[in-house]
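J.: return atomic coordinates for the entry below.
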Amino acid sequence: MNKFIKLSLVAAMAIGTSALAEELNESSVLQEDLSAKEESGAAKKANSFKEMFSEGTASGQIRLGYAGNMVETDGDEDQSAAAIGGQLKFETASFVGFSLGAAAYTSNYIPPLSGDQSDGEFNSELTSEAGNYTELAEAYINYSYEGLNLRAGRQLIDTPLADSDDIRMTPHTFEAYIASYTLEDIGLTVLGGSVLNWQGVDADYDNVKNHGWVETGEDGTNLAAITYAQGPIEAGAWYYDVTKAASAVYVDVVGTIEIGDDAEIVVAAQYLNEGEKDDSTIEGSIMGAMIEAGFYGVTLAAAYDSVSVDDGNQIFEGFGGGSSYTNIDTMTAGTLHDGTVGDGSSYTVGAAYELYDVNIFGVYGDYEADAIKGGEKAHVSEINLGVEYAYNDDEANVAFIYVIGEDKESSDKTDFDNDRVQLVVNYNF
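T.: This is a model prediction of the structure:
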């Protein structure tokens with residue numbers, strides 16, 4: 001499991017997964033849900049087709065959330081919403097290497113605790129503009145044999161440019177075909193596949209035409225990768241072909257230096273290069289580095305990303321939260337680079353402290369972009385402050401985050417000046 005803690009993904013803390021304290025596995029490899037080694041119902045062995053189902057495993061989560069946006073722009077109202085939802089999943093045991101899995105995701109707003117929809121005071125980011133969202137988000141068949149794993153159907157995926165990004169009420173999932181082969185003795189994994197559609201908060205809950213599912217390119221996205229994880233070194237190289245839109249190469253390297261039993265230093269570097277297809281205007285690169293030190297419950301981290309784009313071009317950060325080291329709750333390394341600005345850079349600095357299952361953190365992010373074509377440059381900052389508590393080995397958890405945004409370049413208030421709060425309570429079973 002990747003020991004890289006990634007303070008840059010502090011937004012994940014909002015669902016109670018302790019982005020500053022648990023081991024994350026997002027930058028270099030697919031999450032363990034795609035591995036034959038996953039600790040789930042699929043890991044059990046059945047002796048018959050009937051036993052495949054009788055020995056299956058049911059699991060789920062109940063999630064209660066609240067999100068509020070304090071809006072600074074003239075003529076707009078503050079927005080708020082409370083919602084209840086979660087997941088219910090069943091996964092069969094494995095019979096001659098095959099297993100099946102399915103999961104329903106749902107989120108439904110609580111009217112008395114939510115803003116008025118007709119007056120623009122309703123925050124739809126937890127559910128949808130209609131106030132509810134229910135989807136068969138996972139439905140797959142899996143085959144495993146020794147180091148080989150094949151999965152087809154709706155599934156969770158976590159890769160640099162396609163990830164679950166579970167920071168609101170339900171995670172993203174993908175309609176995909178993924179094959180991987182792992183040589184455990186040398187820590188090497190090769191994988192490839194095709195990702196056709198995705199659903200979730202960043203894919204637009206209100207996409208009624210396709211029941212919430214959105215294409216990942218005109219003919220989907222093809223991907224291939226090779227990853228390495230052995231001892232203190234982890235590395236990955238990924239290629240994506242987003243059909244009729246862009247090609248992308250992503251590379252990262254992570255190194256861990258152990259200093260006794262209670263201290264370590266992690267250093268990392270990343271590079272993303274994208275090429276345009278069919279006049280999509282997606283073309284540019286991101287280069288970044290991060291250093292993080294953990295000792296006796298304290299974590300200190302700093303990250304830097306530079307973005308290079310030609311005038312009028314933009315950066316594509318993937319289907320989900322993206323992999324850039326300076327990504328936090330609202331801002332990412334590429335947020336400003338939408339074709340209206342030029343090259344830029346961003347940095348984050350942060351600290352966290354964990355004691356008795358309580359994790360407290362704070363992160364400051366600063367994002368700049370150059371002016372082009374006689375326009376204005378962009379400069380935005382964001383502060384994330386949060387606390388979370390996990391109960392009984394994460395059987396239940398609660399997390400709170402407060403986000404403070406500021407547009408440092410505009411004299412008028414913009415969307416970047418808005419603040420937000422989010423509270424999430426989870427019960428896992």
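J.: drop to CA atoms for contacts and neighbour counts, all remaining ones
T.: OK.
J.: give me the distance from stretch 117-129 to the chain's centre.
T.: 23 Å (Cα atoms, centre = their mean, to the nearest Å).
J.: just the CA trace of that stretch, in PDB.
T.: What follows is stretch 117-129, C-alpha atoms only, in PDB (Å, rounded to 0.1, in the frame of the first residue of the first chain):
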ATOM      1  CA  GLN A 117     -34.900  25.900  -4.400                       C
ATOM      2  CA  SER A 118     -37.100  28.600  -6.000                       C
ATOM      3  CA  ASP A 119     -35.100  31.500  -4.600                       C
ATOM      4  CA  GLY A 120     -31.700  30.200  -5.600                       C
ATOM      5  CA  GLU A 121     -30.700  29.300  -2.100                       C
ATOM      6  CA  PHE A 122     -30.500  25.500  -2.700                       C
ATOM      7  CA  ASN A 123     -27.000  23.900  -2.800                       C
ATOM      8  CA  SER A 124     -27.200  21.100  -5.400                       C
ATOM      9  CA  GLU A 125     -23.700  19.800  -5.000                       C
ATOM     10  CA  LEU A 126     -24.800  17.100  -2.500                       C
ATOM     11  CA  THR A 127     -27.600  15.700  -4.600                       C
ATOM     12  CA  SER A 128     -28.900  17.400  -7.800                       C
ATOM     13  CA  GLU A 129     -31.000  20.400  -8.900                       C
END
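J.: mind listing residues that contact that stretch?
T.: By Cα atoms under 8 Å, 6 or more residues apart in numbering, the residues outside stretch 117-129 that reach it are 65-69, 76-83, 107-109, 114-116, 130-131, 133, 168-169, 201, 205-206.
J.: mind listing what the worst-scoring helix or strand of the chain on mean pLDDT pairs with, with the direction of each?
T.: Counting by mean pLDDT, DSSP states H and E, the weakest-scoring helix or strand in the chain turns out to be strand 214-215, with a mean of 92. Strand 214-215 pairs in its sheet with strand 188-199 (antiparallel), by DSSP bridges.
J.: list the contacts of the strand it pairs with.
T.: Residues contacting strand 188-199 (Cα under 8 Å, 6+ apart): 137, 172-183, 205, 212-217, 219-229, 319.
J.: ditto for stretch 219-226
T.: Residues contacting stretch 219-226 (Cα under 8 Å, 6+ apart): 188-197, 236-244.
J.: follow-up on the earlier one: and the contacts of strand 188-199, which of them are in strands?
T.: Among the contacts of strand 188-199, the ones falling in strands (DSSP state E) are 137, 173-183, 214-215, 221-229.
J.: which of those are buried? Put it as a PyMOL command.
T.: To isolate the buried ones among the ones in strands among the contacts of strand 188-199 in PyMOL, judged by 16 or more other Cα atoms under 10 Å, type:
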select buried, resi 137+173+174+175+176+177+178+179+180+181+182+214+215+221+222+223+224+225+226+227+228+229
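J.: ok, the nearest residue to Gly200 once chain neighbours are set aside - contacts?
T.: The shortest distance from Gly200 to any residue other than its chain neighbours is 4.5 Å, reached at His172 (Cα to Cα, 6 or more residues apart in numbering). His172 is in contact with Leu156, Asp163, Ser164, Asp165, Asp166, Trp198, Gln199, Gly200, Val201, Asp202, Gly320, counting by Cα under 8 Å, 6+ apart.
J.: then Tyr389?
T.: By Cα under 8 Å, 6+ apart, Tyr389 lies in contact with Gly16, Asp357, Val358, Asn359, Asn397, Val398, Ala399.
J.: and those residues, which of them are in strands?
T.: Reading strands off the contacts of Tyr389 with DSSP E, I get Val358, Asn359, Asn397, Val398, Ala399.
J.: closest to Asp278 out of those?
T.: Among the ones in strands among the contacts of Tyr389, Ala399 lies closest to Asp278 (Cα to Cα), at 43.0 Å.
J.: per-residue pLDDT of that closest one, please?
T.: Ala399 is assigned 94 on the pLDDT scale.
J.: surely it touches Leu423?
T.: Yes. Applying Cα atoms under 8 Å, one finds Ala399 in contact with Leu423, separated by 5.8 Å.
J.: so those two - more neighbours on which side?
T.: In terms of neighbours (other Cα atoms under 10 Å), Ala399 is the more surrounded of Ala399 and Leu423; the figures are 25 against 22.
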